[in-house]
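**Student:** based on what follows, work out the 3D shape:
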Amino acid sequence: MAQDFDYDLLIIGGGINGCGIARDAAGRGLRVGLAEMDDLASATSSASTKLFHGGLRYLEYFEVRLVREALIERETLLRAMPHISWPMRFVLPYHKDMRFESATPTSKLLGFVMPWMKGRRPAWLIRLGLFMYDHLGGRKILPATATLDLRRAPEGGPLQDRFEKAYEYSDCWVEDSRLVVLNARDAVARGADIMVRTKVTGAKRHSDHWTVTLSDQQSGAMRDVSAKMIVNAAGPWVGDVLNGTLGLNSREGVRLVRGSHIVVPKLYEHDKCYFFQGEDGRIIFAIPYEGDFTLIGTTDADHSDPSQVPSCTIEEQDYLCAFASKYFKAPVTRDQIVWTYSGVRPLYDDGAENASALTRDYTLKLDDAAAPLLNIFGGKITTYRRLAESALRKIATQFEGLKGEWTAGVPMPGGNFPVDGVDALIADLQRDYPFLEAAWAKRLVRAYGTDARVILGDAKNAADLGEAFGAGLSAAELDWLRSHEFARTGQDVLWRRSKLGLRLSAEQAARVDAYMQA
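**Tutor:** Coordinates of the predicted model:
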């Protein structure tokens, strides 16, 4: 491969797609640079519903290829990152008032064939969808669908008495922003340059390469680098980068869809997720979160401007509370909310009438008229690794002798232990570091896996880890996050590398920020 340029690939965007492509490409021997104007996963990739899932409802849009690919990926990803991802059972209560969204192909087909159904989701159709869900992906680790009698099963306890039957199926949880960081770490280990708080402010296209201007967002320093190819993985800003920063005119469209979530104190004791279907055809999840909370989401609303920071509106909060309250015995009210977050999904604009109906599939557009440019539209977190493989296949002709696919089954940093090995890892950590309380040890293993030992080093007691900031967060851990995980501020630590922002006081959070920026 030519050595005339600083990079073979210069990737714009430090979300899951950008970091996934960086890892894959670096592992194949390409010289990779990645520029992220803020923190890694600072936008969409830290604001998901935190699920590795096939997308059960996407079957109603006949997106069978997307669902099958995602279902296969669940178990591939579980094996590679058992510290930040784990199996979860989903309880889908059934009632006769369930409805399709009117725009779904399944609703239209059923309305034509069985007009007397009037948009209902019959039980037999849900069971058929779950049968497909069980068998499309070659499931090996995750258990199959079961039927629950909610009058007797503990999962029925928190629900209103009108719900007597439910289906229970499998999907997976993932710590989304940590997944991004681990991809970036592995990319660096394989030779990539990951440049956070570095904005691409301009680019000039030549016949065989790009000259790209980078701006350090902290110091203001500017510099130019050269790259044979650019990958535009800027997420919500993919259109702005394409038509503004790169100065190209494109007809390719991206539609921004805001998804908002609320977090409330724990609503029930078991560790399963609820999948609720509304009378308007929409769905939401209620998910055990961070031990003491329940996460409820998501909404789908158009978001016109990527520069406008997304937030969960009062109307969205009321919608989610009202939706959940139609299922739980105890109403969910806005005064219970302890935190909200919103993300903007950059979906490929396929002309769908409403935001919920837009495809979640990814679209890759290669412009190789001169120096090549690959634009990434859409995608979902579950299929990020497959998206990266597809991107490398798309550009393979640009790099003679490019190595083949390699990421399937290769552990992420800290993930080199069995899928069912978390409890043993926690027990071993507490044995070797007796000062660790159970919750502290669990948090470290769930965040860092086998790297937890590296962070703790030869500490004999908590004081050996340096200043304590609360909730088990120590100076030793902050030093690790700064030196190994690209963290620069308190926000990076408390809301993206962890969710300790839910547990620390404002004073403690300020101390963390001061330490990180010292």
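**Student:** shouldn't residue 253 be in contact with residue 238?
**Tutor:** No: Residue 253 lies out of contact with residue 238 (Cβ atoms under 8 Å); the separation is 10.1 Å. Backbone N, C-alpha and C define where each C-beta goes, glycine included.
**Student:** looking at these two, which is more packed in?
**Tutor:** In this view residue 253 and residue 238 are compared by other Cβ atoms under 10 Å, and residue 238 has more residues nearby, 26 against 12.
**Student:** the more buried one is in contact with residue 374, isn't it?
**Tutor:** No: using Cβ under 8 Å, residue 238 is not in contact with residue 374; the gap is 11.0 Å.
**Student:** ok, then the element right after the helix or strand hosting residue 130?
**Tutor:** Assessed by DSSP states H and E, residue 130 sits inside helix 123-135. Using DSSP H and E, the helix or strand that follows helix 123-135 in sequence is strand 146-149.
**Student:** any idea which element residue 330 lies in?
**Tutor:** Assigned by DSSP H and E, residue 330 falls within no helix or strand.
**Student:** report pLDDT for it.
**Tutor:** Residue 330 carries a pLDDT value of 97.
**Student:** please apply the same query to the one 3 residues further on.
**Tutor:** Looking at residue 333, its pLDDT is 98.
**Student:** that one: how many residues sit nearby?
**Tutor:** Neighbours around residue 333, by other Cβ under 10 Å: 14.
**Student:** quick one: residues contacting it.
**Tutor:** With contact set as Cβ atoms under 8 Å, 6 or more residues apart in numbering, residue 333 has these partners: 321, 325.
**Student:** what is in contact with residue 238 and residue 374 at once?
**Tutor:** By Cβ under 8 Å, 6+ apart, the residues touching both residue 238 and residue 374 are residue 232.
**Student:** what's around residue 220, how many residues?
**Tutor:** The number of residues packed near residue 220 is 7, by other Cβ under 10 Å.
**Student:** sorry, back to before: put the alpha carbons of the helix holding residue 130 into CSV.
**Tutor:** Provided in CSV are the C-alpha atoms of helix 123-135 (Å, rounded to 0.1, in the frame of the first residue of the first chain):
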residue,chain,number,x,y,z
ALA,A,123,-51.9,-13.2,19.3
TRP,A,124,-51.2,-15.7,16.5
LEU,A,125,-49.3,-13.1,14.6
ILE,A,126,-47.1,-12.1,17.6
ARG,A,127,-46.3,-15.8,18.2
LEU,A,128,-45.4,-16.2,14.5
GLY,A,129,-43.1,-13.2,14.7
LEU,A,130,-41.5,-14.6,17.8
PHE,A,131,-41.0,-18.0,16.1
MET,A,132,-39.2,-16.3,13.3
TYR,A,133,-37.2,-14.3,15.9
ASP,A,134,-36.1,-17.5,17.6
HIS,A,135,-35.0,-19.2,14.3
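**Student:** what's stretch 419-433 in contact with?
**Tutor:** Under Cβ under 8 Å, 6+ apart, the answer for stretch 419-433 is 78-79, 82-83, 86, 141, 417, 436, 438, 441-442, 444-446, 449-450, 452-453, 456, 459.
**Student:** so for it, what gets flagged as buried?
**Tutor:** Buried residues in stretch 419-433, counted by 16 or more other Cβ atoms under 10 Å: 419, 421, 422, 425, 426, 428, 429, 430, 433.
**Student:** check stretch 301-317 too.
**Tutor:** Neighbour counts using 16+ other Cβ under 10 Å place 301, 303, 306, 310, 312, 316, 317 of stretch 301-317 among the buried residues.
**Student:** so of those residues, which ones are in helices?
**Tutor:** When these are checked against helices (DSSP state H), the matches are 316, 317.
**Student:** surely residue 261 touches residue 316?
**Tutor:** No: with contact taken as Cβ under 8 Å, residue 261 and residue 316 are classed as non-touching, separated by 9.0 Å.
**Student:** got any residues that touch both of the two?
**Tutor:** The contact lists of residue 261 and residue 316 share residue 342, where a contact means Cβ under 8 Å, 6+ apart.
**Student:** now do the contacts for the residue nearest the centre of the chain.
**Tutor:** Residue closest to the average C-alpha location in the chain (Cα atoms, centre = their mean): residue 176, at 3.7 Å. Listed by Cβ under 8 Å, 6+ apart, the contact set of residue 176 reads 16, 41, 45, 46, 47, 48, 50, 381.
**Student:** okay, now the unreliable bits of the stretch 351-500 of the chain?
**Tutor:** Scanning the stretch 351-500 of the chain for pLDDT under 70 picks out 351-360.
**Student:** just after the single longest helix found in the chain, pick out the following helix or strand.
**Tutor:** Criterion DSSP H: the longest helix present in the chain is helix 64-80. Once the chain leaves helix 64-80, the next helix or strand it forms, by DSSP H and E, is strand 85-94.
**Student:** avg pLDDT for that following strand?
**Tutor:** Averaged across strand 85-94, the pLDDT comes to 94.
**Student:** can you pull out the strands in the stretch 101-250 of the chain?
**Tutor:** Along the stretch 101-250 of the chain, counting by DSSP state E, counting those that start in this stretch, strands occupy 146-149, 165-174, 193-195, 198-205, 210-216, 222-232.
**Student:** paired strands for the fifth one, with orientation please.
**Tutor:** Strand 210-216 has its sheet partners listed here by DSSP bridges as strand 198-205 (antiparallel), strand 222-232 (antiparallel).
**Student:** before we move on, the earlier item: for the helix holding residue 130, name the packing helices and strands.
**Tutor:** For helix 123-135, the packing partners by 3 or more Cβ pairs under 8 Å, 6 or more residues apart in numbering; DSSP states H and E come out as helix 64-80, strand 85-94, strand 165-174.
**Student:** possible to save the ones you listed as TSV with mean neighbour count and distance to residue 499?
**Tutor:** Formatted as TSV, the helices and strands packed on helix 123-135 follow (neighbours: other Cβ atoms under 10 Å; distance: least, Cβ to Cβ, whole Å):
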stretch	mean neighbour count	distance to residue 499
helix 64-80	20	20
strand 85-94	21	15
strand 165-174	21	13
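**Student:** export these as CSV, with columns for distance to residue 288.
**Tutor:** As requested, those are arranged in CSV below (distance: least, Cβ to Cβ, whole Å):
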stretch, distance to residue 288
helix 64-80, 18
strand 85-94, 8
strand 165-174, 9
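**Student:** mean pLDDT lowest where, among these?
**Tutor:** Ranked by mean pLDDT, these bottom out at helix 64-80, with a mean of 85.
**Student:** that one packs against which elements?
**Tutor:** If contacts are counted by 3+ Cβ pairs under 8 Å, 6+ apart, helix 64-80 sits against strand 51-52, strand 85-94, helix 123-135, strand 165-174, helix 384-395.
**Student:** 7 Å instead, please
**Tutor:** Packing contacts for helix 64-80, counted by 3 or more Cβ pairs under 7 Å, 6 or more residues apart in numbering; DSSP states H and E, involve strand 165-174, helix 384-395.
**Student:** out of the strands of the stretch 101-250 of the chain, nearest to residue 511?
**Tutor:** Closest to residue 511 of the strands of the stretch 101-250 of the chain is strand 210-216 (Cβ to Cβ; 26.3 Å).
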